[in-house]
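Asker: let me see the structure of the following:
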Amino acid sequence: MMEIYFNKLANVLPENNKKENVRFLLSEKIANCSNSLSNDSFFILQHKMSNVYVDKNFLTEIKNELTDVINEYIKDNPHHLDKINKANNKCGDIFLDRKNINCLKVINLNSLDTVRKFIDAIISETGSSSLKEKIFNKDNNPTVNLFFDKDFVRGVKRKSVSRLIKNIKNKMVELNPGCNLPFKVGKKEYILVKLGNVEAANNQVKLESEVKNNIEAYINKSSNSLDEKKIKSMLTKFEISFNFLNENIKKLYDLINEYYKCVSLNNANNTFGFIKDGDETLEDIHKILNEKGEEQSIKKHSDVYNECNKTCKLLNVFHQDFVKKSREKSLEKNDIDKLSEMIKKIESNTDSLAIELKSLAPFSNAYNNYENKIKNKFSNIAIKNSSCCSINEITKKTNECLSLLDGFIKRKETGFLSKMYKIFFPKKHNESLNLLIDYKSEINKISSYLDVYKEKDEYFTIDDICLMVTSKLSEINYPESLLDYLYGETRKWNNFKQSLFKKDD
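Answerer: Residues are numbered from 1 along each chain as shown. The predicted model follows:
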């Protein structure tokens, strides 16, 4: 059983604080610990009528992430080290601890405002777009990117509380009186906890162990016909089984999400050609998806998930009611019978989930291999900076490229000099024309992809897309000839390629 109970979080709040207006953002370090919590464990983000209590371990993770980025930036480069030191000096010389001459450690980041101030200072002082890109790499620095966005004007901006909650709403669980966290939070992951269906805090919420003691005391006092040891054992079995059911529901949810991520990756792969036809990884994932009939469709798995999730909510209500009756000392024999019935319901749903998870295992394995291969291909893209930082900007560049290609193709097909060139060099003329037509076909695919791109539905972020499109556009090798120089096409294409990149340092 997990260690985070409703009352542990509720007791952190002031007595006059309405729990229904509070959320807790917990890292895996605090969510999975067994120690007691205090106000010192959190910092508070205020939002209208509600507050978010944020685990201070996030600040530690931000310091660690920035430490790694900075040390990579200054490695074997005294000029970069000098810039970082100047940035720290402008902040009062308080954010860096020099472990040795070439190794720094970020310290004293005690709030999100100080984090923003420090990041803004190093980006501004270094003027390095590559450093900025590394800071806002979501894979390497997930905690920084959880709370901050890069800003074209100021360098960095803090996400609003409403946007933060919106971005992580799929990580939110509701924790009700007498309940504990329903699953273990994975390493480097986090969870948003909302306290459910309770009155204003009065520090009267009891530990689960206290509730069990109340049950035992009441049974001893009023009804010798009820076996207190049996009830205690049944309640423990219910809670352990219920937590296990929740873990499996979360696994099914994650596997269903993998399917939708797979669809997104397929669209990207069809557009950017990370993995070519004939690759074993690509064939495996397509084979498994094609083999799934109606009975194994994603809709069927989603229906099972929704049904189990619905049952889980009913079980949670039952558990709250059971605990409430124990407090009121109104527990009766039919409540114990109901508890036994609910345990059987949990076991039945757990069995159904086991079948679903087993049927999805081949897909999950194939998907993980597919995802890892595409991620490796993406990480090996030679292009690491782009002049574009939004879908609108990269779409304009794509359209500009198409316009250039249309012009080149038209001149080769209808231009007087091109017609003369074709008479003397027909093979070379046709090869150049066909190459330009092929390039246009590839860029049209990218244009269609960008037209329907929505970041919230896609695997790749806007920053990723900008790099991928920039890389594709820059790979076009314009077929040069004397005629192209006369038309000025070589110069136009070289100017366009240079405009794809922003200057660094």
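Asker: so which residues of the stretch 351-500 of the chain form helices?
Answerer: When secondary structure is read from DSSP state H, counting those that start in this stretch, the stretch 351-500 of the chain shows helices at 391-414, 416-424, 426-452, 462-474, 482-487, 489-499.
Asker: name the helices or strands packed onto the last one?
Answerer: Counting contacts by 3 or more C-beta pairs under 8 Å, 6 or more residues apart in numbering; DSSP states H and E, helix 489-499 packs against helix 391-414. Every C-beta, even on glycine, is put in place using the N, C-alpha and C of the backbone.
Asker: can we see that at 10 Å?
Answerer: Applying 3 or more C-beta pairs under 10 Å, 6 or more residues apart in numbering; DSSP states H and E, one finds that helix 489-499 makes contact with helix 391-414, helix 462-474, helix 482-487.
Asker: quick one on the thing from earlier: just name the most buried of the helices of the stretch 351-500 of the chain.
Answerer: With neighbours defined by mean count of other C-beta atoms under 10 Å, none of the helices of the stretch 351-500 of the chain is more surrounded on average than helix 462-474, at a mean of 21.
Asker: all helices of the stretch 151-300 of the chain, in order?
Answerer: With DSSP H, counting those that start in this stretch, the ranges of helices along the stretch 151-300 of the chain come out as 161-167, 208-222, 228-272, 280-291, 298-327.
Asker: got the angle for the longest one vs helix 280-291?
Answerer: Think helix 228-272. 120 degrees (axes from the mean of the first three to the mean of the last three C-alpha atoms, to 10 degrees).
Asker: ok, N141 to N64 distance?
Answerer: Distance, N141 to N64, using C-beta to C-beta, to the nearest Å: 9 Å.
Asker: more neighbours: which of the two?
Answerer: Using other C-beta atoms under 10 Å as the criterion, N141 and N64 rank with N141 on top: 20 against 14.
Asker: point me to the helix or strand that includes M342.
Answerer: In this structure, M342 is located in helix 333-379 according to DSSP states H and E.
Asker: name the helices or strands packed onto that helix?
Answerer: helix 208-222, helix 228-272, helix 280-291, helix 298-327, helix 462-474.
Asker: repeat the analysis, applying 8 Å as the threshold.
Answerer: Here helix 333-379 touches helix 228-272, helix 280-291, helix 298-327, going by 3+ C-beta pairs under 8 Å, 6+ apart.
Asker: buried residues in the last one?
Answerer: Right, the one you point to is helix 298-327. Across helix 298-327, burial judged by 16 or more other C-beta atoms under 10 Å covers 298, 301, 304-305, 308, 311-312, 315-316, 318-320, 322-323, 326-327.
Asker: ok, these vs N494, which is closest?
Answerer: I298 (47.2 Å; C-beta to C-beta).
Asker: pretty sure that closest one sits against E258.
Answerer: No - counting by C-beta atoms under 8 Å, E258 is not a contact partner of I298; they are 10.0 Å apart.
Asker: quick check: neighbours shared by those two?
Answerer: Counting by C-beta atoms under 8 Å, 6 or more residues apart in numbering, I298 and E258 have no shared contacts at all.
Asker: which parts of stretch 273-284 are buried?
Answerer: In stretch 273-284, counting by 16+ other C-beta under 10 Å, buried: 274-275, 282, 284.
Asker: now, which of those residues sits nearest N77?
Answerer: Closest approach between these and N77, by C-beta to C-beta: F274, at 32.0 Å.
Asker: please report the distance of the closest one from R158.
Answerer: F274 sits 34 Å away from R158, going by C-beta to C-beta.
Asker: one more: L436?
Answerer: From L436 to R158 the distance is 46 Å (C-beta to C-beta).
Asker: nearest to D463, out of the helices and strands packed on helix 333-379?
Answerer: Among the helices and strands packed on helix 333-379, if distance is taken as C-beta to C-beta, the winner is helix 228-272, at 14.0 Å.
Asker: looking at the protein, which helix or strand is least sure?
Answerer: Within the chain, no helix or strand scores below helix 208-222, which has a mean of 45 by mean pLDDT, DSSP states H and E.
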